[in-house]
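Peer 1: Sequence plus predicted model, see below.
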Amino acid sequence: MADPIRPDSADALAAIVAEAARDGARLRLRGGGSKDAIGAPTPDARIVDMRGFSGVVDYDPPELVLTVQAGTPLAEVQALVADKGQMLAFDPFDHGAILDGAVGGATIGGIVAAGVAGPTRVSRGAARDHLLGFVGVSGRGERFVAGAKVVKNVTGYDLPKLITGSWGRLAAITELTLKVLPAPRLRLTLGVTGLDPAAAISAMARAMGSAAEVSAAAHLQDWNGAPLTAIRLDGFPSSVEARAALLTRLVDGIAPLADEEAARLWPAITTAAPLPAGVPLWRIIAPAAQMPNVIPAINGAWLLDWAGGLLWLASADDPQAIRAAAMQAGGHAMLVRADAETRAIVPALHPQPNMLAALEERVRRAFDPAGVFETGRF
Amino acid sequence: MPAPDEAVLARRGEIVAAMRAIVAGEGVIDKADELRPYESDALTAYRQPPMVVVLPETTEQVAAILRWCHANRVKVVPRGAGTSLSGGALPLADGVLLGMARFNRILEVDYADRLVVVQPGVTNLAITRAVEDEGFYYAPDPSSQIACTIGGNVAENSGGVHCLKYGLTTNNVLGVEFVTIEGEVLRIGGRGLEPAGLDLLGVIVGSEGLLGVVTEVTVRILPRPETARALLIGFPEVEGAGRCVADVIAAGIIPAGMEMMDKPAVHAAEAFVQVGYPLDVEALLIVELDGPAAECNHLLEEVEKIARANGAISIRISADDDERVAFWAGRKAAFPAAGRLAPDYLCMDGTIPRRRLPDVLTRMCALSGQYGLGVINVFHAGDGNLHPLILYDANKPGELEQAEAFGADILRLCVEVGGVLTGEHGVGVEKRDLMPVMFSPVDLAQQQRVKCAFDPELLLNPGKMFPELHRCAELGRMHVHRGALPFPDLPRF
């Protein structure tokens, strides 16, 4: 297989894509490779390394807007905004921790292309809710701009939403503009042990539906030997204190966790770290109230995030059975981690109903008529 | 608008009969006097009675109407309550106006998953009314919320005064049932937090009725914050108010609402509703904070300190909810107040980087002098969304055209300083011809290719959003190598 190509300008990239379109070649867009092990192997695709697009273009903290080149490392972006007391509110994380243990590869472009969002997605939204605009190169080999660089905009179609989570199948993102938000002054996690999944989901729903303004809520099957339901409150200290008092009235037995334990807990939840490695890892998204029906239908180890709306599942069960259980609950299942043989035949993304799949196909052709970005990975 | 197709106009009788075969009785309107109420939306400068109005009641009827129109190459304009400020629901002389008002039922309220399933003709405010007894509300609150429908909100991606903290419609919708122009009924998104596959929902929201017709909407609801308090802050110059806004955000505070009014707007509003606005200020800020009482109290102090540091000359803090509502009453009366200053006004809707505000206001003032038309400014200061109201008299020959030219200059100015043409009202017909100011031909062609993926015959709401509609074939299909996409026969399950 040919070496990766590493363009450093949108024009150079546009020429590469246009040539690939003419030749019927396939291009696989890659940042730091932290998600290489997601999706089917693509032996025939040429890799385009996007890390030539690196650096901050504009960052004005009081405007809540950050424009950055897509190949900039996630860690660099997070450090930059943290230094100004701000954050990427959708809680992005590096998949290296899940897939091969090598952390540090994730780029901001890869995060957006994969629609990566962590525990606070339940309260603050996903990457799609924070991407304001981008510059990209379509499968036609054309540089185009979509969205804008201000926090409120409805001019034209919201292509930033469409590009987020499109896994490099519409266009190569070269530059992107994100909404950033102030980071909370204080984070406090409260926990209660011993709940079964249904009771935990019900407790998390009560908390989410209250004035406690919950930032994140998760339930682990096994944390230090017992089930743990954890609810996090973020904000100004006086506010967190008042909301913690409210939460203790709402959920029997809930009490603050030590800071050091909370500091270990949330990264572990984010990357499904407590679940066994070496077993296929699934990410099931469904309405939280339906999740107690999904769990008993499958053998495996699991944890619940997003107040029960996200089930991380390590299971060697039949993929069709797992997907059927997710659909039965009104949800869908993504295969995040598996060996290459499995990934070659089990699609990573949950297959769509026929009419919807046909519409998606037409939308992909609208950006990429020759299928330059259709590597067979998804 | 595109010139009416004479051949279609000649088939009016046949088209009306086809609609009657699908929707019985009063659901089809074709008498001239009964079509009049549909001839415009809230952008009343543009009027055009539709060929026929159809008011279906079921998804099956919507699908049948669209299928027939598609098969017969008849254009369709969807309409909710007709409150669009950009002409999004402006009818076509040779088109069917598809009114969704009869889809007016709330189908399900689910407090466990904090969502409501509604038909698209339900009003924005009705969703909050349905859940407020349980302590919940639907966050986006466009000023027309008493009348505008959730289907229209989805089409326009409507915002409101609270969207800096709580987001626009797109951030609060989980799923839709959606009918394509070919009459296919699709479910996009659902009740979970994220859909599988491409985020088609993200592009449907805000698509201004050009991609399909929404027949059901699932929205998130939020618990009502425990308390809300507001500050009313006067500044002797706009710069101080602008710095105050920036400093509030730099202090890590995202207010529930943060509104600015310029001196003419303050005077107009006060004359209209007499709520005690200070009249000796150049800019007035309303800052609303919500959350637990402890948080509000803390943040009120913080904001007050920041305001004083930026030269505020008057500060009032709402003692109770009545006073908070009174602070807002003037701001919310700004539009009708403008109506007392001049027979007509145009409301603009650009967004700018907030740091450019003083500069933009100065240049707007110069333009006001140049055009000889007054302008008052209300401003969603937290997110940089400007609403200049241009005052004019439509009965004076040429004044509407002057007002429109003034408005276009303001929007060009917004784009020039790094902003956009529309923050929440949509492009519609109003800003359609300004799209090239913000987007290159390549950018626009890419957007239109998305349109073509949904509606290749360009039958849905043509004449809106795009300055010119290229036939989809003209946008160029590229050669597909050996006529095939890769891996057509890989096993997939």
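Peer 2: Yep, that arrived.

Peer 1: switch to C-alpha atoms for all contacts and neighbour counts from now on
Peer 2: Will do.

Peer 1: ok, residue 116 - how many residues close by?
Peer 2: Reading this off chain A. A count of nearby residues for A:V116, using other CA atoms under 10 Å in any protein chain shown, gives 21.

Peer 1: Let me rephrase: I mean chain B.
Peer 2: Neighbour count for B:V116, taken as other CA under 10 Å: 24.

Peer 1: what do you get for A:P296?
Peer 2: Quick note: A:P296 (other CA under 10 Å) scores 11 neighbours.

Peer 1: Kindly report the same for A:I111.
Peer 2: If you count neighbours by other CA under 10 Å, A:I111 ends up with 25.

Peer 1: Is A:A262 in a helix, a strand, or coil?
Peer 2: Here A:A262 is recorded as helix under DSSP: H, G, I helix; E, B strand; the rest coil.

Peer 1: how about the strands of the stretch 351-493 of chain B, start to end?
Peer 2: Per DSSP state E, counting those that start in this stretch, the stretch 351-493 of chain B carries strands over the ranges B:375-380, B:385-392.

Peer 1: So what touches the shortest one?
Peer 2: By CA atoms under 8 Å, 6 or more residues apart in numbering or on different chains, the residues outside strand B:375-380 that reach it are B:161, B:257-265, B:331, B:334, B:338, B:365, B:368, B:385-391.

Peer 1: Sheet-wise, list the partners of it with their directions.
Peer 2: strand B:257-262 (antiparallel), strand B:385-392 (antiparallel) (DSSP bridges).

Peer 1: As TSV, those with mean pLDDT and mean neighbour count would be great.
Peer 2: Output for the strands paired with strand B:375-380, formatted as TSV (pLDDT from 0 to 100; neighbours: other CA atoms under 10 Å in any protein chain shown):
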stretch	mean pLDDT	mean neighbour count
strand B:257-262	95	25
strand B:385-392	95	25
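
Peer 1: how about those strands, which one is nearest A:G165?
Peer 2: strand B:385-392 (27.8 Å; CA to CA).

Peer 1: quick one: least confident helix or strand in chain A?
Peer 2: helix A:96-99 (a mean of 92; mean pLDDT, DSSP states H and E).

Peer 1: following that helix, which helix or strand comes up?
Peer 2: Counting by DSSP states H and E, the next helix or strand C-terminal to helix A:96-99 is helix A:108-114.

Peer 1: Can you give me the buried ones in that following helix?
Peer 2: Neighbour counts over helix A:108-114 (16 or more other CA atoms under 10 Å in any protein chain shown) mark A:I108, A:G109, A:G110, A:I111, A:V112, A:A113, A:A114 as buried.

Peer 1: From chain B, how far out is A:A226?
Peer 2: To chain B, A:A226 is 25 Å away according to CA to the nearest CA, to the nearest Å.

Peer 1: what pairs with that residue across the strands?
Peer 2: According to DSSP bridges, the residues that bridge with A:A226 are A:W223.

Peer 1: OK, contacts around A:R46?
Peer 2: By CA under 8 Å, 6+ apart, the contact list for A:R46 reads A:M1, A:A2, A:D3, A:P4, A:I5, A:A25, A:R26, A:L27, A:R28.

Peer 1: could those residues be laid out in CSV, adding distance to B:E270 and neighbour count?
Peer 2: Output for the contacts of A:R46, formatted as CSV (distance: CA to CA, whole Å; neighbours: other CA atoms under 10 Å in any protein chain shown):
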residue, distance to B:E270, neighbour count
A:M1, 73, 8
A:A2, 71, 8
A:D3, 69, 9
A:P4, 66, 16
A:I5, 64, 16
A:A25, 66, 21
A:R26, 64, 22
A:L27, 62, 27
A:R28, 61, 22
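
Peer 1: Out of the residues you listed, list just those in strands.
Peer 2: A:L27, A:R28 (DSSP state E).

Peer 1: Tell me the buried residues in the helix or strand harbouring B:A294?
Peer 2: Take DSSP H and E as the rule and B:A294 turns out to sit in helix B:293-309. For helix B:293-309, the neighbour count (16+ other CA under 10 Å) marks B:A293, B:A294, B:E295, B:C296, B:N297, B:L299, B:L300, B:V303, B:E304, B:I306, B:A307, B:R308 as buried.

Peer 1: go on, stretch B:356-376?
Peer 2: Buried positions in stretch B:356-376, judged by neighbour count with 16+ other CA under 10 Å: B:R356, B:L357, B:P358, B:V360, B:L361, B:M364, B:L367, B:S368, B:L373, B:G374, B:V375, B:I376.

Peer 1: How far does stretch B:315-329 stretch from one end to the other?
Peer 2: End-to-end distance for stretch B:315-329, by CA to CA, to the nearest Å: 17 Å.

Peer 1: Tell me, how many residues neighbour A:D83?
Peer 2: A:D83 has 10 neighbouring residues, counting by other CA under 10 Å.

Peer 1: what do you get for B:V62?
Peer 2: So B:V62, with other CA under 10 Å, has 29 neighbours.

Peer 1: do A:M204 as well
Peer 2: 27.

Peer 1: check which helix or strand covers it.
Peer 2: Using DSSP H and E, A:M204 sits in helix A:197-208.

Peer 1: A:F144 too?
Peer 2: Using DSSP H and E, A:F144 sits in strand A:143-147.

Peer 1: With just CA atoms, put the helix or strand just after that strand into CSV.
Peer 2: Counting by DSSP H and E, the next helix or strand C-terminal to strand A:143-147 is helix A:159-163. Taking Å, rounded to 0.1, in the frame of the first residue of the first chain, the C-alpha atoms of helix A:159-163 are listed here in CSV:
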residue,chain,number,x,y,z
LEU,A,159,-23.9,21.6,7.1
PRO,A,160,-21.8,21.7,10.3
LYS,A,161,-24.4,19.3,11.9
LEU,A,162,-24.2,17.0,8.9
ILE,A,163,-20.4,16.9,8.8
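
Peer 1: so can I have TSV of the buried residues of stretch B:356-376 showing pLDDT?
Peer 2: Formatted as TSV, the buried residues of stretch B:356-376 follow (pLDDT from 0 to 100):
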residue	pLDDT
B:R356	92
B:L357	90
B:P358	88
B:V360	94
B:L361	91
B:M364	94
B:L367	96
B:S368	96
B:L373	96
B:G374	95
B:V375	95
B:I376	94
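
Peer 1: Tell me which two of those residues sit farthest apart.
Peer 2: Most distant of the buried residues of stretch B:356-376, by CA to CA, are B:R356 and B:L373, 22.7 Å apart.

Peer 1: where does the chain dip in pLDDT?
Peer 2: Chain wasn't specified; assuming chain A. By pLDDT under 70, the weakly predicted segments of chain A are A:1.

Peer 1: try again with chain B
Peer 2: Looking at chain B by pLDDT under 70, you get B:476-493.

Peer 1: hmm, stretch B:428-443 touching chain A?
Peer 2: Yes. For stretch B:428-443, a contact with chain A is found by CA under 8 Å from any CA of the partner chain, at B:F439, B:V442, B:D443.

Peer 1: Quick check: of the residues you listed, which lies closest to chain A?
Peer 2: B:D443 (5.0 Å; CA to the nearest CA).

Peer 1: wait, what's in contact with the closest residue to the closest one other than its chain neighbours?
Peer 2: Closest residue in space to B:D443, ignoring its immediate chain neighbours: A:F144 at 5.0 Å, by CA to CA, 6 or more residues apart in numbering or on different chains. Residues in contact with A:F144 (CA under 8 Å, 6+ apart) are A:V135, A:G136, A:V137, A:S138, B:V442, B:D443, B:Q446.

Peer 1: Which among the residues you listed count as buried?
Peer 2: Buried subset of those (neighbour count, 16+ other CA under 10 Å): A:V135, A:G136, A:V137, A:S138, B:D443, B:Q446.
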